[in-house]
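**Student:** here is a sequence with its predicted model. Questions after.
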Amino acid sequence: MTTENTSPHDPVQPRTVIGRMPKYAAGKPPREVPGLESFKLSSNENPLPPLPEVVAAIHAQLDFNRYPDPLSTKLRNALSEFLSVPADDVVTGAGSLGALTQILATFAGQDDDGVQDEVIFAWRSFEAYPIVVQTAGALPVQVPLRDGGRHDLDAMAAAVNERTSVILLCSPNNPTGPALHRAEVEAFIHKVPSNVLIVIDEAYMEFVRDPEVVDGIEMYRKYANVVVLRTFSKAHGLANLRVGYSVSHPEITAELRIAATAFAVSSIAEDAAVASLAHYDKVVERVQKIVDERTRVVAGLHELGWNIPAADGNFVWLPLGEDTAEFVELAAGHALSVRGFEGDGVRVTIGEVEANTRLLELCGNYPKGTKLS
């Protein structure tokens, strides 16, 4: 049967929501500048390569003609032992963003009554949040951050209504840096109805050194509506392999597996992650080197008169507001790629020692930085 095209000049159109979505902007590569080594500080990547044991595990993987285990059984068992949680409580995904997408596809969207669910999150926070929420068919509810780049948990609790299905807490918050504290999160959980899913996104948790910061796994053990997101992209240095996971109770994971993307985690990624967990002591050593550099950069910025939020991840936030684009271009001229968020500020990943030193030199010669309030 042939269908005649009666409107040859009408182009195929996407869903109307696509046109309203913000566009995800990945960190740009650094500009080549004669006489300077270029550094990419725009994507919160780990500047250190994977462990030798991880590289060996990748080289040993030869079954490229076979589909991976859709349940990532080896990795879930390894995480079960590592986190002291049941393996059935772990659902893997293509990075923590892939794991989040599965959560939203399952618990947020538009039901048969045509009413959109609402998903609450702080703003500014991870820039993919409004994209994946709207892709799922839900309505994003953005709650402005408090001073210092921190979540306003009181305002987030006040935003909950009968249409709220999911709340996203980013700790440490990307891109501003501060992590949430245990006491404030627990108080927040008690204000939220038990039928609302609370997702604690801990992509940068390995870089946290504040003992008062919330531990998502502890909250998941205490509260049935808490889901924890984690990733191997940052501390483990496996960003290119796209492997992350969520941890939640069986009544949640059973539903997540229905909507989970089949074969999202490759066998290469799974074996690499398992090898990295098996040598976690070496991962910790590498993370500490980045934390030490973060401490040096933060102290240096304070000495230069910059007022910045707490830096609990592997990055610092420069709240430059309307001067954001100017600073990004200035950094590019010094062979540093940084991530600007128009009108808000600049996020700079803690990178190689030379890159961090050059950043401090740049900030020392940028007079507007000392006027930040």
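**Tutor:** Happy to help now that I have it.
**Student:** quick check: V338 is in a strand.
**Tutor:** Yes. Secondary structure assignment places V338 in a strand (DSSP: H, G, I helix; E, B strand; the rest coil).
**Student:** neighbours around E162, how many?
**Tutor:** For E162, the tally of surrounding residues (other C-beta atoms under 10 Å) stands at 8. In short, each C-beta sits where N, CA and C put it, glycine included.
**Student:** give me the element the closest residue to A56 other than its chain neighbours is part of.
**Tutor:** Closest residue to A56 in three dimensions, ignoring its sequence neighbours and counting by C-beta to C-beta, 6 or more residues apart in numbering: A275, at 7.4 Å. Under the criterion DSSP states H and E, the helix or strand holding A275 is helix 267-278.
**Student:** and that helix, how far from the chain's centre?
**Tutor:** In terms of C-alpha atoms, centre = their mean, to the nearest Å, the centre of helix 267-278 is set 20 Å apart from its chain centre.
**Student:** pLDDT averaged over that helix - what is it?
**Tutor:** In this model, helix 267-278 carries a mean pLDDT of 98.
**Student:** what's the helix or strand just after that helix packed up against?
**Tutor:** Using DSSP H and E, the next helix or strand after helix 267-278 towards the C-terminus is helix 280-303. Counting by 3 or more C-beta pairs under 8 Å, 6 or more residues apart in numbering; DSSP states H and E, the packing neighbours recorded for helix 280-303 are strand 315-318, helix 353-364.
**Student:** how far away from the center of its chain is helix 280-303?
**Tutor:** Relative to its parent chain, helix 280-303 has a centroid offset of 19 Å by C-alpha atoms, centre = their mean.
**Student:** now do the buried residues in it.
**Tutor:** Buried positions in helix 280-303, judged by neighbour count with 16 or more other C-beta atoms under 10 Å: 283, 286-287, 290-291, 293-294, 297-298, 300-301.
**Student:** can you lay out those residues as CSV showing distance to A335 and pLDDT?
**Tutor:** What follows is the buried residues of helix 280-303, written out as CSV (distance: C-beta to C-beta, whole Å; pLDDT from 0 to 100):
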residue, distance to A335, pLDDT
V283, 29, 98
R286, 24, 97
V287, 26, 98
I290, 21, 98
V291, 25, 98
E293, 18, 98
R294, 21, 98
V297, 17, 98
V298, 22, 98
G300, 19, 98
L301, 20, 97
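**Student:** can you show me the strands along the chain?
**Tutor:** Taking DSSP state E as the criterion, the chain contains strands spanning 39-41, 90-93, 118-123, 139-144, 164-170, 197-201, 226-231, 244-247, 315-318, 336-341, 345-349.
**Student:** of those strands, which is nearest G237?
**Tutor:** With distances scored as C-beta to C-beta, the stretch of those nearest to G237 is strand 226-231 (11.1 Å).
**Student:** now the angle from that closest one to strand 164-170?
**Tutor:** Orientation note: strand 226-231 sits at an angle of 40 degrees relative to strand 164-170 (axes from the mean of the first three to the mean of the last three C-alpha atoms, to 10 degrees).
**Student:** direction included, what does strand 226-231 pair against?
**Tutor:** strand 197-201 (parallel), strand 244-247 (antiparallel) (DSSP bridges).
**Student:** on that earlier part again, redo the helices and strands packed on helix 280-303 as a markdown table? Include distance to I167 and mean pLDDT.
**Tutor:** Rendered in a markdown table, the data for the helices and strands packed on helix 280-303 read as follows (distance: least, C-beta to C-beta, whole Å; pLDDT from 0 to 100):
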| stretch | distance to I167 | mean pLDDT |
| --- | --- | --- |
| strand 315-318 | 22 | 98 |
| helix 353-364 | 34 | 98 |
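**Student:** most tightly surrounded among these?
**Tutor:** Highest mean neighbour count among the helices and strands packed on helix 280-303 (mean count of other C-beta atoms under 10 Å): strand 315-318, with a mean of 28.
**Student:** and that one, how far from the chain's centre?
**Tutor:** Its chain's C-alpha centre lies 15 Å from the corresponding centre of strand 315-318 when counted by C-alpha atoms, centre = their mean.
**Student:** what packs against that strand?
**Tutor:** Under the contact criterion of 3+ C-beta pairs under 8 Å, 6+ apart, strand 315-318 touches helix 280-303, strand 345-349.
**Student:** quick one: which of these is nearest E53?
**Tutor:** E53 lies closest to helix 280-303 among those, at 7.8 Å (C-beta to C-beta).
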